[in-house]
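**Q** make a model of this:
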Amino acid sequence: MKLATTTAYALHIQDNFGNDDHHIMPYFGSMNIDSVMHGLNDIGYKGYFTFEADAKLHQIYRKKHLIKITAFSKHQ
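**A** Below you'll find the model as predicted:
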């Protein structure tokens, strides 16, 4: 993480279960969020920080699409 002080200007972070790119909300996966945040603070990181936690939104979107597709196919 100390390299981020001089080389990184943007971070894209997401929590997960350790075996895939899950994009779940902080503290719901296996990532030690507190450790990451304290580490960034300790090194004085001043860059951009994006926490991607959109898995639930994707679930809702897929479910809505599935309902639309199912409804459409029933009317055919």
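
**Q** list the contacts for Met37?
**A** Applying C-beta atoms under 8 Å, 6 or more residues apart in numbering to Met37 gives no contacts. Backbone N, C-alpha and C define where each C-beta goes, glycine included.

**Q** three-state assignment of it?
**A** Secondary structure, DSSP: H, G, I helix; E, B strand; the rest coil: Met37 is helix.

**Q** for this structure, what spans make up the strands?
**A** Taking DSSP state E, the strands of the chain run over residues 10-13, 48-51.

**Q** give me the nearest residue to Asp54, chain neighbours excluded.
**A** Once flanking residues are discounted, Asp54 sits nearest to His23: 5.4 Å by C-beta to C-beta, 6 or more residues apart in numbering.

**Q** how deep is that neighbour tucked in, by neighbour count?
**A** When neighbours are defined as other C-beta atoms under 10 Å, His23 has 17 of them.

**Q** pull up the gap between it and Asn41, please.
**A** Noted for His23: a distance of 23 Å to Asn41, by C-beta to C-beta, to the nearest Å.

**Q** same question, Gly29
**A** Distance, Gly29 to Asn41, by C-beta to C-beta: 21 Å.
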